[in-house]
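Enquirer: fold the following, please.
(2 chains)
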Amino acid sequence: MINVKEPGLMTTVQDNGRNGYYSFGMPPSGAMDKYSFIVANLLVGNDENAAVLEATYLGPTLEFDCETTIAVTGGEIPPKLNGEPFGLWKPVHVEKGDVLSFDFVKSGTRVYIAVAGGIDVPIKMGSRSTYTLCGIGGFEGRALQKGDVLKTGEASNPPASTEITLSEELIPKYGNRHEIRVIMGLCSYRLTEESKKKFFDIEWTVTPDANRVGYRFKGEPLEFVEREQPFGAGSDPSNVTDLGYPIGSIQIPAGIEPIALLNDAVTGGGYATIATIISIDLFKMGQIKSNDKVKFIEVSLDEAIEARKELNAKLDQVKETIKTVSIGG
Amino acid sequence: MSAETKTQTRYEYGGDEFVFVELSESMTLEAMFKGMAITNKLAEQNREGIIDICPGNASYMIRVDPEVLHPNELISVLKEIEASLTDYEETTIHSRLVDVPILFEDPWTYEALMKFRDNHQDPDSTDLEYSARINDFESKEELIQNINDFPFLVSMVGFVPGLPFSFQLTSQEKQIEVPKYVRPRTFTPERAFGFGGAFAVIYPVQGAGGYQLYGTAAAPILDVEQKLEDFKESMVYFRQSDILRYRSISMDEYERIRKEVEEGRFRYRTREMSFTPKDVMKNPEEFASKVMRRLYDDQR
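Expert: Next up, the predicted model:
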């Protein structure tokens, strides 16, 4: 069991996500930065989709009431055990009564805290992920609060050796300027050619309106091709007949501030969408914070699929490292 | 105000995991029924790699695992299905007719819309007054009467879990069309009944929103805890092809229904009905009156 002494700013239980209910209007939720999430699980010997804690900006303070192994991955929000700093991206043994806490964020936005056996909350529609808007899944459908008590499950494998060191290239670095790859499409025909170009030329600034639902960006206004609006769409040139929004899709209500929809997004609506963030770069979005700068880079579908393969290869390398060190040790 | 835009079907990538297909830029029953037929056929094929099939108003969207089913391969499958659709107008649709009680001009949406007058086209009117005026109704009562008279077909579910986008079964001249707010509201009360573009909706939960606000639904449309009988199978009640009759009720009836909901006794009045897209498209108003007779057991 884990006692929540301090909840942090926004700490939720997340796993791989709730897939297969998008047509009901149910977004997938799930860990924003899937790479860090999976590695955290692998380091403690969990199934790679086991439920973990995702903490944002300000980490929680947690007290463990039994011996176990934990791992912290993701943004550089330095973790401490009983006040002693320890490294991210490594399994750490904890004793009964040990307290995990965090220093202020240095880079990135979110950390993932995996505990051997995973966080045990009821499975709702195939997932343990929290979707706070409707109070579905996770710990009572909400972010953690002071005094909550979390249960953990049974670990499927022994944890990785605490001697393990992942090689440099397997540990992402997060700065304040980011390149996010997108595929143009959806209703991009609604933008003028000039605005399409501008969308890629501008360095966008992330506004404070940035959370699990979506990120809003500040930059310059973009323009839509003039037309007589089709029946059912509504009167603004940025309006279309209400349609489905892919996860990662970018819309520009009234041409003013683009919004990228993320894991807890609305699944549809009446704004023209013009591009979609490729699935691998959605993980990067999870480590971007307000005031960071983002440039969107256009890629092809094949490049996006290639990026998935590269990431899988990286995860294989992580698995290989864990196996080698375990056998070696 | 309305432009009948004929468009060729557009197939688009939504990143590497989604394929988005726009059948028509404008809302038409034809596009909706066509999308429904295509997505149903795709579902029957039980193809590996498909994660979600999301029918929409005049478009639809499929989510895939691109390493199992390449989006280009999916697009050719979808094109084949579309080309093979010769008889979708004759395909039988099994639908539910549902009586949906609405308290128009209720205190909760009134309070919300007054807070956001600066986000609205016409800060000096209420949403109902404004909508009635731009749709050439004599009064807001006449607009409410129009909503009462002709039921709505659920053409898409989404935005948030369970929210029904519904499209009125009447001639296009009588159909209400309104703009969305100039700037979306940051607050909409739970169960608010709204209108935007050509669609009536009910907001299942409190949240942001940009539709004109007319009233509040008495009964829930999303029951996360699945306490009510109607939600035993799914926490979401409405599905595409349901036909909803938004019935104007009094405050007394509203309070009675709220009590039934709280005590776990509330059930929607529903009837089953089978029809073909042709039945609807041939004469939407005649079809609407058939729906009304069936829903209220009026055999005349």
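Enquirer: who are the packing partners of whichever helix or strand residue A:217 is part of?
Expert: Counting by DSSP states H and E, the element that carries residue A:217 is strand A:214-218. Secondary-structure packing of strand A:214-218 (3 or more C-beta pairs under 8 Å, 6 or more residues apart in numbering or on different chains; DSSP states H and E): strand A:204-210, strand A:259-261. From N, CA and C alone the C-beta is placed, and that goes for glycine too.
Enquirer: at 10 Å what do you get?
Expert: Applying 3 or more C-beta pairs under 10 Å, 6 or more residues apart in numbering or on different chains; DSSP states H and E, we find strand A:214-218 packed against strand A:204-210, strand A:249-251, strand A:259-261, strand A:293-298.
Enquirer: given the third one, what are its sheet partners and their directions?
Expert: Partner strands for strand A:259-261, per DSSP bridges, with pairing direction: strand A:214-218 (antiparallel), strand A:249-251 (antiparallel).
Enquirer: could you check how far the spatially most distant residue from the centre of chain A is from residue A:253?
Expert: The C-alpha centroid of chain A is most remote from residue A:228, which lies 39.0 Å away (C-alpha atoms, centre = their mean). From residue A:228 over to residue A:253 the distance is 20 Å, taken as C-beta to C-beta, to the nearest Å.
Enquirer: which secondary element of chain B has the worst mean pLDDT?
Expert: Taking mean pLDDT, DSSP states H and E as the measure, strand B:207-209 is the helix or strand of chain B with the lowest mean score, a mean of 90.
Enquirer: what segments of chain A are helices?
Expert: Per DSSP state H, chain A carries helices over the ranges A:34-43, A:193-201, A:279-285, A:301-328.
Enquirer: let me know which of those helices is tucked in deepest.
Expert: Highest mean neighbour count among those (mean count of other C-beta atoms under 10 Å in any protein chain shown): helix A:34-43, with a mean of 26.
Enquirer: select the longest helix from chain B.
Expert: Criterion DSSP H: the longest helix present in chain B is helix B:29-45.
Enquirer: so what's the residue count around residue 73?
Expert: Going with chain A. When neighbours are defined as other C-beta atoms under 10 Å in any protein chain shown, residue A:73 has 26 of them.
Enquirer: oops, chain B please
Expert: Neighbourhood size, residue B:73 [other C-beta under 10 Å]: 14.
Enquirer: same for the least confident helix or strand of chain B, what does it pack against?
Expert: Packing partners of strand B:207-209 (3+ C-beta pairs under 10 Å, 6+ apart): strand B:185-188, strand B:192-196.
Enquirer: looking at those, which is nearest to chain A?
Expert: strand B:192-196 (6.0 Å; C-beta to the nearest C-beta).
Enquirer: and the next helix or strand past that closest one?
Expert: Downstream of strand B:192-196, the first helix or strand assigned by DSSP H and E is strand B:199-202.
Enquirer: only C-alpha atoms, please: export stretch B:88-106 in CSV.
Expert: Provided in CSV are the C-alpha atoms of stretch B:88-106 (Å, rounded to 0.1, in the frame of the first residue of the first chain):
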residue,chain,number,x,y,z
TYR,B,88,-27.9,1.5,-49.0
GLU,B,89,-31.1,3.5,-49.4
GLU,B,90,-33.0,0.2,-49.1
THR,B,91,-31.1,-1.2,-46.2
THR,B,92,-33.2,-1.7,-43.1
ILE,B,93,-32.1,0.2,-40.0
HIS,B,94,-33.3,-0.9,-36.6
SER,B,95,-33.8,2.2,-34.5
ARG,B,96,-35.0,3.3,-31.1
LEU,B,97,-37.5,6.1,-30.7
VAL,B,98,-36.9,8.0,-27.4
ASP,B,99,-39.0,10.6,-25.6
VAL,B,100,-36.5,13.2,-24.2
PRO,B,101,-38.1,15.6,-21.7
ILE,B,102,-36.6,19.2,-21.9
LEU,B,103,-37.3,22.1,-19.7
PHE,B,104,-36.9,25.1,-22.1
GLU,B,105,-35.8,28.5,-20.7
ASP,B,106,-34.7,26.9,-17.4
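Enquirer: against residue B:119, how distant is residue B:33?
Expert: Residue B:33 sits 35 Å away from residue B:119, going by C-beta to C-beta.
Enquirer: out of these two, name the residue with the larger neighbour count.
Expert: Set residue B:33 next to residue B:119 and count neighbours by other C-beta under 10 Å: residue B:33 wins out with 24 against 15.
Enquirer: so the more buried one touches residue B:95, yeah?
Expert: No. Applying C-beta atoms under 10 Å as the test, residue B:33 and residue B:95 come out as separate, 11.8 Å apart.
Enquirer: shared neighbours, the two?
Expert: Residues touching both residue B:33 and residue B:95 by C-beta atoms under 10 Å, 6 or more residues apart in numbering or on different chains: B:153, B:241, B:280.
Enquirer: list every C-alpha atom in stretch A:154-174, with coordinates, as PDB.
Expert: Extracted in PDB, the C-alpha atoms of stretch A:154-174 (Å, rounded to 0.1, in the frame of the first residue of the first chain):
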ATOM      1  CA  GLU A 154       1.400  -8.700  -8.000                       C
ATOM      2  CA  ALA A 155       4.600  -8.100 -10.100                       C
ATOM      3  CA  SER A 156       4.800 -10.400 -13.200                       C
ATOM      4  CA  ASN A 157       8.600 -10.500 -13.300                       C
ATOM      5  CA  PRO A 158      11.400  -9.700 -10.900                       C
ATOM      6  CA  PRO A 159      12.500  -6.100 -11.200                       C
ATOM      7  CA  ALA A 160      15.600  -5.100 -13.100                       C
ATOM      8  CA  SER A 161      18.900  -5.000 -11.300                       C
ATOM      9  CA  THR A 162      19.400  -1.700  -9.400                       C
ATOM     10  CA  GLU A 163      22.900  -1.700 -10.900                       C
ATOM     11  CA  ILE A 164      21.400  -1.000 -14.400                       C
ATOM     12  CA  THR A 165      22.400   2.000 -16.300                       C
ATOM     13  CA  LEU A 166      20.500   2.800 -19.500                       C
ATOM     14  CA  SER A 167      22.800   4.100 -22.300                       C
ATOM     15  CA  GLU A 168      22.600   7.800 -23.000                       C
ATOM     16  CA  GLU A 169      20.600   7.500 -26.200                       C
ATOM     17  CA  LEU A 170      17.800   5.700 -24.400                       C
ATOM     18  CA  ILE A 171      17.200   8.600 -22.000                       C
ATOM     19  CA  PRO A 172      15.400  11.500 -23.700                       C
ATOM     20  CA  LYS A 173      16.400  15.100 -23.000                       C
ATOM     21  CA  TYR A 174      13.800  17.900 -22.800                       C
END
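Enquirer: avg pLDDT for that stretch?
Expert: Stretch A:154-174 carries an average pLDDT of 89.
Enquirer: centre of the chain to that stretch, how far?
Expert: 19 Å (C-alpha atoms, centre = their mean, to the nearest Å).
Enquirer: so how far is the worst-scoring helix or strand of chain A on mean pLDDT from its chain's centroid?
Expert: Least confident helix or strand of chain A, by mean pLDDT, DSSP H and E, is helix A:301-328 with a mean of 92. Mean-position distance between helix A:301-328 and its chain equals 19 Å (C-alpha atoms, centre = their mean).
Enquirer: what number of residues are in the vicinity of the nearest residue to residue A:229 once chain neighbours are set aside?
Expert: Residue nearest to residue A:229 in three dimensions, not counting chain neighbours: residue A:235, with 5.9 Å by C-beta to C-beta, 6 or more residues apart in numbering or on different chains. Neighbour count for residue A:235, taken as other C-beta under 10 Å: 15.
Enquirer: which residues touch residue A:235?
Expert: If a contact means C-beta under 10 Å, 6+ apart, then residue A:235 has A:229, B:1, B:121, B:134, B:177, B:178, B:179, B:180, B:182, B:197 as its contacts.
Enquirer: quick one: pLDDT of the last one?
Expert: At residue B:197, the predicted lDDT confidence score is 93.
Enquirer: what residues are up against it?
Expert: A:229-235, A:239-242, A:270, B:26-27, B:57, B:165, B:167, B:176-180, B:211.
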